[in-house]
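In: Next comes the sequence, and after it the predicted model I'd like to discuss.
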Amino acid sequence: MAYTALGRIRVQILVFLMLFSFYCQASVKIHSPSDAFTRGHMKPLGSHGALTPIPELKSMPTPDIFYALYSKPGKPVVLRNAARAIPAFDLWTDEYLTEKFGKIKVLVEEGKKENRSKGNFMTSIRRFIKTYKTEDLYVVHTIPMAMREDIRLLPCVSCGGFAEKLLDIVMWFSSGGTKSVLHNDGSDNLNCLFRGFKEFILVDRDTDYSGIVDNNGFSNMDVDKVDLNTYSDLLKIELYKTTLSAGDCIFIPHYWLHHVRSYGSNLAVNMWWTPLTRFNRTTCKNNNDNTYLKAVDYEFATYEVLRKQILDAMLLRKMASKQKFRKILLDCEVGEIKFIDVFSAFDKDKNGKISINEVHELPYGQFSKLFPNWHYQTEESNEMEPDRDEL
């Protein structure tokens with residue numbers, strides 16, 4: 001009897017210990033951070049989990065295929081070795097840039113880790129090349145007309161209307177180590193790398209990323225030390241990733257969030273254009289699969305810049321009432337206008353509101369008539385003199 005009682009006590013103790021152990025494990029599991037949180041908290045963006053590879057192509061798609069599969073649906077794609085046929089890929093050494101374009105002034109950002117509160121200044125290409133390997137500087141500048149002689153538009157955008165909606169061609173030049181904020185653009189973007197490596201992390205524009213974007217199209221998160229308490233939505237958002245080598249290009253559709261890091265001496269050119277709402281096949285009759293258009297032959301569609309400003313202002317609201325649209329136009333500094341006529345021209349479906357699609361679809365030719373007092377100044381026509389003496 002004593003033995004039986006003792007055995008029962010032992011069994012009860014064992015059961016108690018097992019239940020206590022299970023309770024403790026469950027408690028730890030409930031209250032401890034997730035594995036993803038542990039891996040990613042206060043670490044570089046993308047450290048918290050596996051990232052989805054961005055699709056790649058090893059051959060150039062035709063313009064109609066590029067439009068149908070990537071531009072129209074808004075899907076990113078990496079084009080391996082697509083930039084190697086652009087003359088600047090081979091020509092733009094430091095020596096060539098200094099000798100041929102050394103006197104040209106460019107805009108330089110202070111700090112290779114992007115901080116939109118930091119300053120910038122103008123200096124010559126010659127002076128920048130003498131100092132960029134040892135200073136924390138980064139050229140981000142619209143490529144002047146003289147330098148555009150060496151730039152080509154890729155065959156995948158050589159017809160259909162892409163070139164006619166070209167907004168800007170920008171040079172990104174540094175010694176490496178640049179880190180952009182997580183941001184989006186209101187325009188489609190082809191970024192081609194001539195030197196070094198670039199790492200891209202993207203977020204689909206169809207994702208609800210309002211919880212990680214603090215301001216108008218960009219996030220204040222520290223991309224080196226992401227606070228996953230503040231930006232916990234990242235744990236449930238799919239991130240896409242790729243790394244470009246010299247000669248590669250990437251297409252980033254408008255409104256996709258992206259963060260970019262560069263490694264090694266780094267020189268890239270990107271082209272922005274207003275997203276096509278329809279593909280014009282008639283412009284492709286004399287086109288072939290290897291047509292690289294000369295960038296110098298195309299003017300920037302200046303009123304597309306105004307369209308872009310309006311779209312950027314509408315990014316977080318998607319739809320604008322008459323009152324909000326009036327404020328957007330005031331913020332865009334369009335000058336004196338006949339607002340009733342302007343609103344009517346945009347409001348295609350006459351529902352009393354302006355949608356993003358309606359801004360996209362307003363014919364380009366109407367902009368100059370509706371906004372005769374709006375003027376666009378490029379960096380080239382509005383250069384400021386650098387504070388420092390020429391080296």
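Out: That came in fine, so what should we check first?
In: quick one, strands of the stretch 201-350 of the chain?
Out: 240-245, 249-252, 257-273, 293-294, 319-321 (DSSP state E, counting those that start in this stretch).
In: swap in the stretch 1-150 of the chain?
Out: Going by DSSP E, counting those that start in this stretch, the stretch 1-150 of the chain shows strands at 52-53, 56-57, 77-79, 105-110, 120-124, 137-142.
In: Remind me what the first one packs against, helices and strands.
Out: This means strand 52-53. Counting contacts by 3 or more CB pairs under 8 Å, 6 or more residues apart in numbering; DSSP states H and E, strand 52-53 packs against strand 240-245. Heads up, the C-betas are built off the backbone N, CA and C, glycines and all.
In: Can you list the strands that the strand it packs on pairs with?
Out: strand 52-53 (parallel), strand 188-203 (antiparallel) (DSSP bridges).
In: Which helix or which strand is home to Trp172?
Out: Using DSSP states H and E, Trp172 sits within strand 166-174.
In: I'd like to know which elements that strand is packed against.
Out: strand 137-142, strand 257-273, helix 302-313.
In: So which of those is nearest Arg326?
Out: helix 302-313 (11.7 Å; CB to CB).
In: and the angle for that closest one with strand 257-273?
Out: Angle of helix 302-313 versus strand 257-273, following axes from the mean of the first three to the mean of the last three CA atoms, to 10 degrees, is 160 degrees.
In: Would you mind giving the domain segments of the chain?
Out: Under the assignment automatic domain parsing, the domains of the chain span 7-33, 52-300, 305-370.
In: where does the stretch 1-150 of the chain dip in pLDDT?
Out: Across the stretch 1-150 of the chain, residues meeting the criterion (pLDDT under 70) sit at 1-33.
In: which residue ranges form the helices in it?
Out: Secondary structure of the stretch 1-150 of the chain (DSSP state H, counting those that start in this stretch): helices at 2-31, 35-40, 63-66, 87-91, 94-101, 125-131, 145-148.
In: where does the stretch 201-350 of the chain have low pLDDT?
Out: Those would be 215, 316-317, if you go by pLDDT under 70 across the stretch 201-350 of the chain.
In: Am I right that Arg80 is in contact with Lys58?
Out: Yes: between Arg80 and Lys58 there is a contact at 5.0 Å, judged by CB atoms under 8 Å.
In: who has more neighbours, these two?
Out: Neighbour totals were compared for Arg80 and Lys58, and Arg80 leads with 17 against 9 (other CB atoms under 10 Å).
In: just to revisit the earlier point, got JSON lines for the domains of the chain, with distance to Met42 too?
Out: Putting the domains of the chain into JSON lines (distance: least, CB to CB, whole Å) gives the following:
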{"stretch": "domain 7-33", "distance to Met42": "12"}
{"stretch": "domain 52-300", "distance to Met42": "5"}
{"stretch": "domain 305-370", "distance to Met42": "28"}
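In: Including distance to Ser344 and mean neighbour count, could the strands paired with strand 240-245 go into a markdown table?
Out: Formatted as a markdown table, these follow (distance: least, CB to CB, whole Å; neighbours: other CB atoms under 10 Å):
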| stretch | distance to Ser344 | mean neighbour count |
| --- | --- | --- |
| strand 52-53 | 44 | 12 |
| strand 188-203 | 28 | 22 |
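In: Any chance of these in TSV with distance to Gly74 as columns?
Out: Putting these into TSV (distance: least, CB to CB, whole Å) gives the following:
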stretch	distance to Gly74
strand 52-53	16
strand 188-203	8
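In: quick one: which of those strands is nearest Ser71?
Out: strand 188-203 (6.4 Å).
In: could you dump the closest one to PDB, C-alpha only?
Out: What follows is strand 188-203, C-alpha atoms only, in PDB (Å, rounded to 0.1, in the frame of the first residue of the first chain):
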ATOM      1  CA  ASP A 188       8.900  54.100 -64.700                       C
ATOM      2  CA  ASN A 189      12.600  53.600 -64.400                       C
ATOM      3  CA  LEU A 190      15.400  51.800 -66.300                       C
ATOM      4  CA  ASN A 191      18.600  51.800 -64.300                       C
ATOM      5  CA  CYS A 192      21.800  50.600 -66.100                       C
ATOM      6  CA  LEU A 193      25.000  50.000 -64.300                       C
ATOM      7  CA  PHE A 194      28.400  50.800 -66.000                       C
ATOM      8  CA  ARG A 195      30.700  50.100 -63.100                       C
ATOM      9  CA  GLY A 196      30.700  48.200 -59.800                       C
ATOM     10  CA  PHE A 197      27.700  46.400 -58.200                       C
ATOM     11  CA  LYS A 198      24.300  47.500 -57.100                       C
ATOM     12  CA  GLU A 199      21.900  45.700 -54.700                       C
ATOM     13  CA  PHE A 200      18.200  46.400 -55.100                       C
ATOM     14  CA  ILE A 201      15.400  45.600 -52.600                       C
ATOM     15  CA  LEU A 202      11.900  46.200 -53.900                       C
ATOM     16  CA  VAL A 203       8.300  46.200 -52.500                       C
END
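In: Please state the offset of that strand from the chain centre?
Out: 9 Å (CA atoms, centre = their mean, to the nearest Å).
In: got the angle between that strand and helix 94-101?
Out: Using the same axes, to 10 degrees: strand 188-203 against helix 94-101 is 140 degrees.
In: Can you check what angle separates strand 188-203 from strand 166-174?
Out: Using the same axes, to 10 degrees: strand 188-203 against strand 166-174 is 60 degrees.
In: Spit out the contact partners of the closest residue to Leu315 other than its chain neighbours.
Out: Spatial nearest neighbour of Leu315, chain neighbours left out: Gly217 (5.6 Å); criterion: CB to CB, 6 or more residues apart in numbering. Gly217 sits next to His183, Asn184, Asp185, Gly186, Asp312, Leu315 when contact means CB atoms under 8 Å, 6 or more residues apart in numbering.
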